[in-house]
Structure formats: C-alpha cells, structure tokens
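Undergrad: Sequence and predicted model, in that order:
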Amino acid sequence: MKVGIIGLGYVGLPLAVAFAEAGADVVGVDADSRKVERLRRSKSDVEDIASDRLREVAPRFTATTEHEHLGGCDAVLICVPTPLANQREPDLSYIVDSATALSGVLRKDQLVVLESTTYPGTTRERLRPILEESGLAAGRDFHLAFSPERIDPGRTDHTIRTTPKVVGGLTDACRDRAVALYEVVCDDVVAVSTPEAAELAKLLENIFRSVNIALVNELAILCDRMAIDVWEVVEAASTKPFGFMRFDPGPGMGGHCLPVDPFYLAFKAREYDFPTEFIELAGKINQNQPHFCVEKIQRALNDVAKPVKGSRVLILGMAYKGGVADMRESPALKITHLLRELGADVAYHDPHVAEVAELGLSSGELDAELRASDVACIVTAHPEVDYRHVVEAAPLVVDFRGVTQGIEAENLVRL
Ligand SMILES: NC(=O)c1ccc[n+]([C@@H]2O[C@H](COP(=O)([O-])OP(=O)(O)OC[C@H]3O[C@@H](n4cnc5c(N)ncnc54)[C@H](O)[C@@H]3O)[C@@H](O)[C@H]2O)c1
C-alpha cells in the first residue's frame, strides 16, 4: 500500500509515521521546502515525533514538495491548515490549493480523505468539484471521505492507534474504503453516514471544550470578586463520579483549534439564518481572559506599591499549552502586548520556545530572570519548570494555571 499525505505538520507527520510504521510506503508532500529538507534528514519539528522514529521509517517515507508524486498512491490524506481570515470567516485557501494540485495528478480508484477541521459541507461542496476537474467523478471513479483528526500534541496516553477515528464517506463504498485504510493504524474506526456528520462531529468536540472552558473562566472571574479559590471549587466538583467533566480556568484559549474551529460552524450556520449563540458567547468570554489576567497582574503589583509602567514582568510559558512549542493563538502573546501597552518591561522564559520574533524577545535563563523581575506570571505551565522554586525565587508570582496549589506564600497570587 502506498499512502500520500499533503501537509506534514502536527496532524500530517504523525499520520505519515503511523502508516510507515505499519508497513505502508508513504509520500509526504509539504509546501514548506525547508521543512521537507529537514524531514529528509529525519529532523522532526513536531514534539510527538522523535527524530529516531523518522530515521527508522526513512526507507518507507519520502518527503517532497512535489504533488506529482501523489499520482502513484492508493490513498491521499489532506492535512493542511484551516485558519480564519480577517473577518473570522473560514480560510479554505490551503485546502483549495492542495486539492487543485492533487486534481492534476488524480487517477482512477484512488481514495482521497480530507482530515483538516472544517465546516459541514466542505468535502462535498468545496473539495469534490475541484477534484472532479480531473475529469474523474467522485464516488464512481475515485473515493472521497472526511475523517477528522483528534491528535492532541504533547499527549502520550492516547495515540493514533488507541484513539477512535470517525469516518464519513460520500458513498457507502467511499466509507468502506476509508474505514479499511484507517484500520491499518487505528484499532477503532467509527463509520458515520455522511462526510457532513463527520465534519460536524469534530466541530462539536471542539465547541464542547470551548464552551466549558468559557464557563470555568467566567466562574474564575466571579470567584476573584467573591474571594473564593476557583481551583478548590473545580477540585471539589471534580470528585463527582458522574455527570461532571473537569475543565480548568486559565489565561485564555490558544492553539490552532479551539479559538478557530467554532467560528467555522458559526459561519456556515449564518447560511441557514441560525445564530450560534453558545459559540459567540464562549468566544467572547475566552477572548476577554487575557485582559482579565493583565488586570490581575496590575492589582498584584499595586498591592506591593508598584505601577505596571516600568515594572519588569516575567512571563513563564509562551507556548499555548504545556509541553509543546506551538505558539499559535497563544494567550501569552496577547498578555505581553497588553502589558507593553501599559509600559511594562516584559521578558519571558520558556524551555520550548527559544525566541518569539513578533515580540523581538528570546527566552531568558530562569534564575536570572526571576531575580530581575518585579513579578513572574505563570501563563503556561511546562512540566520541566519547578514552580515551588519559582515562588521561592521571585519577589511576586501570579499563577494563572493553578500549578502552585498547595503552596502558601505571601508573594503568591492565584487566578
Ligand atoms: N494541531 C492540532 O492539534 C490539530 C488537531 C486536530 C485537527 N487539526 C486540524 O488539522 C489541520 C492541520 O493542522 P496542523 O496543526 O497539522 O497544521 P500545521 O500548520 O502544523 O501543518 C500543516 C502543514 O501543511 C503545509 N501546507 C500548507 N499548504 C500546503 C499545500 N498546498 N500543499 C502541501 N502542504 C501544504 C504547511 O507547510 C504545514 O507544514 C487543520 O485543519 C487543523 O485544524 C489540528
């Protein structure tokens, strides 16, 4: 079996390696020639894929910038970005570009699966017509399906093999073909009746998270006002063995998925004159969270008689979540911008992010930065950082992640 993967990022690279490890020949196509060059030297940009694993599959894995190589594949999986454009409408240009390139080499009996997160109808209404420019008909000459990716970068307890994979095909034959493909790398493949059901299932998963995070973030602000420890409340509620699922408050939502995907559904719903109020409200609350964090930092400094202007603020953790280097939509960026607007001198330490070009900053040495700071703010908690030491070494600490629970100290403020 020969599998083609378009887009070798957080989603595409782990899939490429999984298929190669299962014995398939894999052709990975990426538009980024530097990434392709690194992959050819078995250098991985994705934390979950160690370079050792790339070296082991090297005989069966070819990275290229040329879509022409996809013509010889039995199946092609599209794993390109689906960001938002300026007015928060879906930007499908990456899907359109890769589909256009694929249609030029598409051949009879191939299976094409879209993995990128998107609104219901994309596979049928947007992808299908572009692929059919090849002169081949979907469902008759080639198979077409949608299967959303559930990968959670940095996570080790659930893998591609153990995470059930949802698949919806344009026809029953398309579905069966896609199910058979994914069964090579995944123990539990869940077939649904249409690509639309699979597309919407993925959005439901992410909207569920976004709404629940917004709920605890709002509760955190209320707790702040009522002087109740929100972490203690969440901890206590989480002891209920049924009917409750734990979500933690924090500095706001980041990453490629949660701040973006819900708006894909809101966009499509407008076509049906349907306002998605939960989505909008959750987005509004989560986007406000960095502003609340800055207010909290401001108050903490005020309590020790310091203004934000001229204070040295150390941000601990620039990535959007612990254990990864991914900076996309990271709330730490927003917090830094807001602090700078107030005149703060911002520095950061992040063991995963060496520099942030858009801020003109690079990660400082932890102890030196703690000593130089007026306040250290735990925005993203990485497993490598000793937060007890942070509380001991910094003059003032504001913790937005709850990692200092159990530590009592005069210089410590928690969300
Ligand atoms: N990152 C996650 O945790 C995650 C989880 C589930 C689903 N998703 C979804 O999967 C999709 C991909 O996300 P990602 O995080 O892997 O993105 P990414 O940015 O890490 O990787 C995408 C890759 O596609 C390449 N690319 C762009 N246009 C191309 C083209 N025309 N031809 C070939 N390569 C092209 C880019 O160079 C990049 O390497 C998105 O729709 C995302 O919403 C992401």
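TA: Nice, I can see it.

Undergrad: and the closest residue to residue 170 other than its chain neighbours, helix, strand or coil?
TA: Sequence neighbours aside, residue 144 is the residue nearest to residue 170 in space, at 4.5 Å (criterion: CB to CB, 6 or more residues apart in numbering). Quick note: C-beta positions are derived from backbone N, CA and C, even for glycine. The assignment at residue 144 comes out as strand when based on DSSP: H, G, I helix; E, B strand; the rest coil.

Undergrad: Next, count neighbours for residue 144.
TA: 25 (other CB atoms under 10 Å).

Undergrad: for it, which residues make a bridge with it?
TA: residue 112 (DSSP bridges).

Undergrad: ok, it touching residue 127?
TA: Yes - here residue 144 lies in contact with residue 127, judged by CB atoms under 8 Å, at a distance of 7.2 Å.

Undergrad: Which neighbours do those two have in common?
TA: Counting by CB atoms under 8 Å, 6 or more residues apart in numbering, the common neighbours of residue 144 and residue 127 are residue 112.

Undergrad: and the residue located most distally from the centre of the chain, helix, strand or coil?
TA: Most distant from the centre of the chain: residue 305, at 38.7 Å, with distances by CA atoms, centre = their mean. With three-state DSSP as the basis, residue 305 sits in coil.

Undergrad: So which bits of the chain are right by the ligand?
TA: 6-12, 29-32, 35, 79-82, 94, 97-98, 116-117, 149, 151, 153, 256-257 (CB under 6 Å from any ligand atom).

Undergrad: which ones among these are found in helices?
TA: 12, 35, 94, 97, 98 (DSSP state H).

Undergrad: Give me the number of neighbouring residues for the residue nearest to the first one when sequence neighbours are not counted.
TA: Excluding the flanking residues, the one nearest residue 12 by CB to CB, 6+ apart is residue 79, at 3.5 Å. The number of residues packed near residue 79 is 26, by other CB under 10 Å.

Undergrad: ditto for residue 244
TA: So residue 244, with other CB under 10 Å, has 11 neighbours.

Undergrad: Could you check the pLDDT of the nearest residue to it once chain neighbours are set aside?
TA: Of all residues not flanking residue 244 in the chain, residue 237 sits nearest, at 5.7 Å (CB to CB, 6+ apart). With respect to pLDDT, residue 237 scores 98.

Undergrad: For residue 237, grab the count of nearby residues.
TA: 13.

Undergrad: Same check on residue 243?
TA: Residue 243: 5 neighbours (other CB under 10 Å).

Undergrad: Helix or strand: which one has it?
TA: Remark: residue 243 resides in no helix or strand, with elements defined by DSSP states H and E.

Undergrad: Would you mind measuring from it to residue 237?
TA: As judged by CB to CB, to the nearest Å, residue 243 and residue 237 stand 10 Å apart.

Undergrad: again with residue 139
TA: 48 Å.

Undergrad: Indicate the residue of this protein located nearest to the ligand.
TA: residue 9 (1.8 Å; CB to the nearest ligand atom).

Undergrad: Can you name the residues that contact that residue?
TA: Contacts of residue 9 by CB under 8 Å, 6+ apart are 30, 45, 46, 79, 81.

Undergrad: correct me, but residue 275 touches residue 269?
TA: Yes - look at residue 275 against residue 269 with CB under 8 Å: they come within range, at 7.2 Å.

Undergrad: Run through the neighbouring helices and strands of the helix ranked longest in the chain.
TA: Longest helix in the chain, counting residues (DSSP H): helix 195-226. Helix 195-226 sits against strand 143-146, strand 165-169, helix 230-237, helix 261-270, helix 277-303, with contacts defined as 3 or more CB pairs under 8 Å, 6 or more residues apart in numbering; DSSP states H and E.

Undergrad: Please point out which parts of it sit buried.
TA: 195-196, 198-203, 205-207, 209-211, 213-214, 216-221, 223-224 (16 or more other CB atoms under 10 Å).

Undergrad: Repeat that for stretch 173-187.
TA: Result for stretch 173-187 [16+ other CB under 10 Å]: buried residues 174, 175, 177, 178, 179, 181, 182, 185, 186.

Undergrad: Alpha carbons only: can I get that stretch in CSV?
TA: This file holds the C-alpha atoms of stretch 173-187, laid out as CSV (Å, rounded to 0.1, in the frame of the first residue of the first chain):
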residue,chain,number,x,y,z
ALA,A,173,-18.2,2.3,-0.9
CYS,A,174,-16.2,5.5,-0.1
ARG,A,175,-16.8,5.0,3.6
ASP,A,176,-15.8,1.3,3.5
ARG,A,177,-12.6,2.1,1.6
ALA,A,178,-11.7,4.8,4.1
VAL,A,179,-12.6,2.6,7.1
ALA,A,180,-10.3,-0.2,5.7
LEU,A,181,-7.5,2.3,5.3
TYR,A,182,-7.6,3.7,8.8
GLU,A,183,-7.9,0.2,10.3
VAL,A,184,-4.3,-0.2,9.4
VAL,A,185,-3.2,2.3,12.0
CYS,A,186,-6.2,2.6,14.3
ASP,A,187,-7.9,-0.1,16.5
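
Undergrad: what residues does that stretch touch?
TA: So stretch 173-187 is contacted by 1, 3, 15, 18-19, 22, 24, 75, 111, 113, 138-139, 143-145, 147, 160-165, 167-169, 189, 191 (CB under 8 Å, 6+ apart).

Undergrad: The longest helix of the chain vs strand 165-169, what angle?
TA: Interaxial angle, helix 195-226 versus strand 165-169 (axes from the mean of the first three to the mean of the last three CA atoms, to 10 degrees): 140 degrees.
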